[in-house]
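Participant: pasting the structure only:
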């Protein structure tokens, strides 16, 4: 059995940091102690002195584009970028082509990932106005949950029937994750700006089209429905201060029936960046004001918001450079998410312990993922070593996304991921992704 010994690390787990060693044996963490001696002559030893050892990040919202949109990215290409960025597990969304809205189509994605994924994987079942029978066949032990688009985004999965929504919320015990924007509000706003500019709307108006009100109306409505039906609701990518009043930090995460996520781009960018970044930061929901961004940070730190994710959604540069109405929303983020949040640590905005809580512990708790998200003996060895003082800058030469660009191009980061382990295998080391597709299907303790 292959063994790896990580020595002298600053181990970050469950709200504390302590210096010590971690022994990996096969797929699992075998031992954690202040000092562990070499167990055998063929044990690989990694000295992590001065560096943080964190649980691999669990990204609960990505779009890896396979099948059907593979000119933008594939499970292989994007999971490869993910492990380089310290993300060891991902939950992918159903708006691929065809949409994953039957059990057969859903399982086809798992089959692809079983052969090609560098990171651990799960795929969400997709909901529509009329596929309740298929939803109810979903196995909660090996599928992360159900995804509903309440506002249209990339793809054609809008659920806009109140009767269908209530039926789904009343019938399934699956975690229901939602993209929450009010479709009528967005449509009316878009028509207003098209009346002025035609298709070439300046992207600075994106947060007026995908407005605060569009988010609030939808989120208020869906939370009322969740409370009425007792459904387990997880609201993806909050982007506004106004929505935060709808969520609570009064009870422990394990007792919450309604949880919330914020994404890297809503914590990093604001509407002041549209002038320089243009469509490269066109996301749904939109990046909004600096005031919204600061409110999101506050809510993250006081536990009103539970998870940090990416909503990684690559498009080609050619697609993004089209006029506003044709340029798709979304951008690639998995390679740079962890170091971007560590930048906030360097700025004194967040502790490393809180980063680990929001990017590893809490996704594992919310989705009830088996034996992942923590540095514990007997858990899978999904681990990441972060060097907090090894500066680097993002450029075309070191971007691993298939689309070949990043909204962080030109950004200087102080921290660097040096090693990533997936199921005990060293899949990334010092800027090199090894050709080891070590990912396994995530299982859930439900």
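Facilitator: Okay, I see it. What you are looking at is a predicted structure, and each value in this text was computed from that prediction instead of being measured.

Participant: can you give me how far the helix or strand harbouring residue 195 is from the chain middle?
Facilitator: Per DSSP states H and E, residue 195 falls inside helix 183-197. Mean-position distance between helix 183-197 and its chain equals 29 Å (CA atoms, centre = their mean, to the nearest Å).

Participant: Show me what secondary structure element comes after it.
Facilitator: Taking DSSP H and E, what comes next after helix 183-197 is helix 206-209.

Participant: Show residues contacting that following helix.
Facilitator: Residues outside helix 206-209 that contact it (CB atoms under 8 Å, 6 or more residues apart in numbering): 186, 189-190, 193, 201, 271, 274, 282, 286-289, 324. No exception for glycine: its C-beta is placed from N, CA and C like everyone else's.

Participant: before we move on, the earlier item: name the residues that touch the helix holding residue 195?
Facilitator: 150-152, 158, 160, 201, 205, 208-211, 213-214, 217, 324-325.

Participant: In PyMOL, how would I select just the buried ones from the residues you listed?
Facilitator: Buried members of those, defined by 16 or more other CB atoms under 10 Å, are picked up in PyMOL with:
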select buried, resi 150+151+152+158+201+205+208+209+210+211+214+217+324
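
Participant: which one among the contacts of helix 183-197 gets closest to residue 172?
Facilitator: residue 150 (15.9 Å; CB to CB).

Participant: so the closest one touches residue 157, yeah?
Facilitator: No: taking contacts as CB atoms under 8 Å, residue 150 lies outside contact range of residue 157: 10.1 Å.

Participant: need the contact list for residue 124.
Facilitator: When contacts are counted by CB under 8 Å, 6+ apart, residue 124 touches 91, 92, 93, 94, 100, 143, 144, 145, 146, 147, 177.

Participant: Can you classify the closest residue to it other than its chain neighbours by secondary structure?
Facilitator: Excluding the flanking residues, the one nearest residue 124 by CB to CB, 6 or more residues apart in numbering is residue 147, at 4.1 Å. Of the three states, residue 147 takes strand according to DSSP: H, G, I helix; E, B strand; the rest coil.

Participant: Model confidence for residue 147, exactly?
Facilitator: Predicted confidence (pLDDT) at residue 147: the value is 97.

Participant: List the beta-bridge partners for it.
Facilitator: Beta-bridge pairing for residue 147 (DSSP bridges): residue 126, residue 177.

Participant: How about the nearest residue to residue 40 once chain neighbours are set aside: which residues does it bridge to?
Facilitator: Once flanking residues are discounted, residue 40 sits nearest to residue 3: 6.2 Å by CB to CB, 6+ apart. Beta-bridge pairing of residue 3 under DSSP bridges involves residue 25.

Participant: Surely residue 3 touches residue 41?
Facilitator: No: at 10.4 Å, residue 3 does not count as touching residue 41 under the criterion of CB under 8 Å.

Participant: Now residue 165: which helix or strand?
Facilitator: Short version, using DSSP H and E: residue 165 is in helix 162-171.

Participant: Now do that helix: distance to the chain's middle.
Facilitator: Worked out by CA atoms, centre = their mean, helix 162-171 lies 26 Å from the chain centre.

Participant: quick one: buried residues of it?
Facilitator: 164, 165, 167, 168, 169.

Participant: swap in stretch 302-311?
Facilitator: Those would be 303, 304, 305, 306, 307, 308, 309, 310, 311, for stretch 302-311 by 16+ other CB under 10 Å.

Participant: average pLDDT across it?
Facilitator: So the average pLDDT for stretch 302-311 ends up being 98.

Participant: Against residue 360, how distant is the nearest residue to residue 94 once chain neighbours are set aside?
Facilitator: Taking CB to CB, 6+ apart, and ignoring the residues beside it in sequence, residue 94 has residue 126 as its nearest neighbour in space, at 3.0 Å. Taking CB to CB, to the nearest Å as the measure, residue 126 falls 26 Å from residue 360.

Participant: try residue 398
Facilitator: 24 Å.

Participant: so residue 433 makes contact with residue 80?
Facilitator: Yes: here residue 433 reaches residue 80: they are 5.3 Å apart, a contact under CB under 8 Å.

Participant: Overlap in contacts, those two.
Facilitator: Counting by CB under 8 Å, 6+ apart, the residues touching both residue 433 and residue 80 are 118, 400.

Participant: sorry, back to before: dump the buried residues of stretch 302-311 to CSV, plus distance to residue 27 and secondary structure.
Facilitator: Below are the buried residues of stretch 302-311 laid out as CSV (distance: CB to CB, whole Å; DSSP: H, G, I helix; E, B strand; the rest coil):
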residue, distance to residue 27, secondary structure
303, 32, coil
304, 36, coil
305, 32, coil
306, 28, coil
307, 25, strand
308, 26, strand
309, 25, strand
310, 25, coil
311, 29, coil
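
Participant: ok, back up a step: so who does the residue nearest to residue 40 touch?
Facilitator: 23, 24, 25, 30, 39, 40, 42, 43, 44.

Participant: Can you report how many residues neighbour the first one?
Facilitator: In other words, residue 23. Residues near residue 23, counting by other CB atoms under 10 Å, number 22.

Participant: thinking again about what came up before, same question for the helix holding residue 195: list its buried residues.
Facilitator: 183, 185, 186, 189, 190, 193.
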